[in-house]
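> Model the structure of this input:
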Amino acid sequence: MSNTRTEVRQETAELLVGPHILEATASTNTTKDEVILADYTSTLLQDGHFVGNIMYVSYDAGGANAAPEGEWGLIQAYDASAGLFTLDRELTVAVTVGDKVEIHSILPPKKIHKGIDRALRKMLYRTLAVPSLVADADMEASGTTSWTDDGSITIAKDTTAANVFRGTQSMSATDSGGGDEYCYQSFNVVEGDTYFVSAMCRTSAAATECKLQAYDATNGAEIDNETHDETAWQTLAFEFTIPSGCKALQIRLITVTASGVVYWDHVQLLRKADRRYALPSWITEIWQVGRTVYQREGTERVADGRMVDQTAPVRWTHIRPKKELGAVYIAPDPPFRNNAPVYVECLRHYSALSSDTSTTDADLDWIATKAKYECLRMLAAPLVPTEERGEFRNALEEAKMEAAAMDARFMPKVEQPFGFGGESLWGLQEV
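Numbering: from 1, shown residues only. Okay, the predicted model is just below:
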């Protein structure tokens, strides 16, 4: 289940100071430095009760990310009988009916967001990397700059679950109406070399056809292709040899049907004599790399995308990850020669959350507990009043143990990560 940054922030704030940090909905108002909250109209609370606390606008009813969403100010005065809060600054526009705010007493949301991102950078999940000569092979990069369109087709990243084979994104390719429109990547090649190419694809509707093509750009001729015309995910794959005189190869993702839409994922290109394959840029350390596997050979397996998840993969045993000049790669011995997709099981850090509507798949309890610890670390002990330092140290130590317990519960583990050694944990992690 995905959680927004708003949900993570509120959970973290409650762990820090208790459950009274609640989101409240504002009433009609036109003054930029005032906020009226009916929920805080009271005959019991004293005027000035919230003075010095932080008020954060978590939602603007006028539209996603519209002002003053994301803005904040210190509470300068509080009129309990009217539920009226006066801030120490003017916001860009008034907080008015339907807008939602949060009141924080320890850290401003900006600092809590930093604690959340620090926590995410230390949290890991298991995923598959796609070794490939193709840039952005797993379609997880932002945007489509790795791909060149033919001038007609429209390409974009898609995050709809049904349109993603694995991960968070695929690439959609929409034909403008002419048919046989495509996007591609180019590679310098040597004639006589043998390559294996594979890609996962699905069409958006019945009777829509797509094609994976190896194209000799030097001589303007097709080398080979595979096609697909189903809405289910399917593997397109084939081996080919660079023909005589070919110096430039294009791997083309083609939407054959006029006005058709096709979704592509996991585009893998391997030169079968290579003993070195670069891994995606998000793999920065050797300890992130686990075992390398491939799907069993055979036409019936390669041709069926379900086999990637339904058939037990075969482990490629003689592989050791290496790091050189900041890049991590794998070196298979012997080289890959199987006509089947190859995957590397890896650990990946969770991504930072850039906005309140950004989401993470990390468990809410795990990330909130880790973020609480990071927030307490930011509240450096020297800044804590002397009489409270003992209590603060106890709270910090308790938060550290809670975070360690959550790591033990959720942090991925694997036996013998690289096909050698005896480590039981997949990388030693700081809490």
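
> List the contacts of the one helix or strand Lys370 maps to.
Using DSSP states H and E, Lys370 falls within helix 364-378. Contact with helix 364-378 is made by 1, 3, 7-8, 11-12, 15-16, 106-107, 111-112, 114-116, 118-120, 122-123, 350, 360, 392, 395-396, 399-400, 402-403, 406-407, 409-410, 431, as judged by CB atoms under 8 Å, 6 or more residues apart in numbering. All C-beta atoms are positioned from the backbone trio N, CA, C, and that covers glycine.

> Would you mark the buried spots in the following helix or strand past it?
Next along the chain after helix 364-378, taking DSSP H and E as the criterion, comes helix 389-410. Under the neighbour-count criterion of 16 or more other CB atoms under 10 Å, helix 389-410 has Phe392, Ala395, Leu396, Ala399, Glu402, Ala403, Met406, Asp407, Phe410 buried.

> The last one and Glu398: what is the separation?
Distance from Phe410 to Glu398, counting by CB to CB, to the nearest Å: 19 Å.

> Break the chain down into its structural domains.
Per automatic domain parsing, the structural domains of the chain span 22-104, 126-349.

> Sheet partners, orientation included, of the helix or strand containing Gln185?
Using DSSP H and E, Gln185 sits in strand 181-188. Paired with strand 181-188 in the same sheet, following DSSP bridges, are strand 148-149 (antiparallel), strand 248-255 (antiparallel).

> What is the subsequent helix or strand relative to the longest one?
On the C-terminal side of strand 248-255, the closest following helix or strand by DSSP H and E is strand 261-271.

> in its sheet, what does that following strand sit against?
Paired neighbours of strand 261-271 in the sheet (DSSP bridges): strand 170-174 (antiparallel), strand 194-203 (antiparallel).

> Go ahead and name everything in contact with the first one.
Right, the one you point to is strand 170-174. 139, 144, 147, 153-158, 163-164, 181-183, 210, 253, 255, 259-265.

> are any of those buried, and which?
With burial judged by 16+ other CB under 10 Å, the buried subset of the contacts of strand 170-174 is 139, 144, 147, 153, 155, 157-158, 163-164, 181-183, 210, 253, 255, 260-265.

> ok, Ile153 touching Glu181?
Yes: taking CB atoms under 8 Å as the definition, Ile153 is a contact partner of Glu181 at 3.7 Å.

> Can you check which residues contact both of those two?
Common contacts of Ile153 and Glu181, defined by CB under 8 Å, 6+ apart, comprise Ala173, Asp175, Thr255.

> Output the buried residues of helix 389-410 in CSV; the columns should cover pLDDT and distance to Ala205.
As requested, the buried residues of helix 389-410 are exported to CSV (pLDDT from 0 to 100; distance: CB to CB, whole Å):
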residue, pLDDT, distance to Ala205
Phe392, 72, 60
Ala395, 83, 57
Leu396, 83, 57
Ala399, 88, 52
Glu402, 88, 50
Ala403, 89, 48
Met406, 89, 44
Asp407, 86, 45
Phe410, 86, 39
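
> Pick the one among those closest to Ile242.
Using CB to CB, Phe410 comes nearest to Ile242 of those, at 46.5 Å.

> Name the nearest residue to the closest one, sequence neighbours excluded.
Once flanking residues are discounted, Phe410 sits nearest to Trp366: 4.7 Å by CB to CB, 6 or more residues apart in numbering.

> Same question for Pro335.
With CB to CB, 6+ apart as the criterion, Pro335 has its nearest non-adjacent residue at 5.4 Å, and that residue is Arg275.

> That neighbour - that's part of a strand, no?
No: counting by DSSP: H, G, I helix; E, B strand; the rest coil, Arg275 is not found in a strand; it is coil.

> Go ahead and confirm it touches Phe336.
No: contact between Arg275 and Phe336 fails when scored by CB under 8 Å: they sit 9.2 Å apart.

> Which residues are in contact with each of the two?
Between them, Arg275 and Phe336 share no contacting residue under CB under 8 Å, 6+ apart.

> which of these two has more neighbours?
Comparing Arg275 with Phe336 by neighbour count (other CB atoms under 10 Å), the higher total belongs to Phe336, at 22 against 12.

> if I've got this straight, the more buried one is in a strand?
No: secondary structure of Phe336 (three-state DSSP): coil, not part of a strand.

> switch to numbering from 39
Got it, the first residue is 39 from now on, which makes the last one we talked about Phe374.

> I figured it hits Val380, correct?
Yes: using CB under 8 Å, Phe374 makes contact with Val380 at a distance of 5.8 Å.

> any low-confidence regions in the stretch 189-338 of the chain?
Where the stretch 189-338 of the chain drops to pLDDT under 70, the residues are 333-338.

> What pLDDT does the model give the residue nearest the centre of the chain?
Nearest to the geometric centre of the chain sits Ser389, at 5.3 Å (CA atoms, centre = their mean). We have a pLDDT of 90 for Ser389.

> do the same with Gln467
Reading off the model, Gln467 has pLDDT 38.
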